[in-house]
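Q: Quick one, fold the following:
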Amino acid sequence: MTLLLTLLIAGVALLLAEVFLPGMIAGVLGVVCLLGAAVVGFAEFGPKVGSLILMAELLAGTFLTVLWMRYFPKTPLGRKYILDPSTAAHAPTGLEKWLGYEGVALTDLRPAGSARLDGAKVDVITNGEHLESGAPVKVIRVDGPSIFVRRV
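A: Residues are numbered from 1 along each chain as shown. Model (predicted):
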């Protein structure tokens, strides 16, 4: 019984430590400890107790994972560790400077390819139209890492 409880406590502690320690080693060891606890339950107490321990571990793990994913990002510690989605979605790329520039398609744009804008080779995309190499283009939109052009 002592070994069973020790493995259960060690498994839970190692899984909690995995949140703060990089490398997955603590998490893998925690899962091994929990599986070991189930094996000890089967060996010492028979299939009923072993199955109950295994099912309890699976249900508790699922339940606690759902709670963790729902509430941890809202805690002060969670806000420190997790990037705010609104910040990530609007991160400046520096490509906005090309908005309104005119240039020449260096490759066929079908719909993606390269264009020369103000002397620089830039990867661009059309809105689905095919433009041949050498066609004059104008930047109409910048969306994240994508520069959209149309024929002038």
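Q: Low-confidence ranges, the chain, go.
A: By pLDDT under 70, the low-scoring segments of the chain are 85-92.
Q: got the domain boundaries for it?
A: With automatic domain parsing as the criterion, the domains of the chain are listed as 2-81, 95-151.
Q: Same list (those domains) but as CSV, adding mean neighbour count.
A: (Glycine included, C-beta is placed from N, CA and C.) Written out in CSV, the entries for the domains of the chain read as follows (neighbours: other CB atoms under 10 Å):
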stretch, mean neighbour count
domain 2-81, 14
domain 95-151, 15
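Q: what's the spacing between the lengthiest helix in the chain and its chain's center?
A: With residue count as the measure and DSSP state H as the assignment, the chain has helix 47-71 as its longest helix. Distance of helix 47-71 from its chain centroid, counting by CA atoms, centre = their mean, to the nearest Å, is 24 Å.
Q: hmm, who's touching the helix or strand just after it?
A: The first helix or strand that comes after helix 47-71 along the chain, using DSSP states H and E, is helix 76-81. Where contact means CB atoms under 8 Å, 6 or more residues apart in numbering, the residues beyond helix 76-81 that reach it are Tyr71, Phe72, Pro73.
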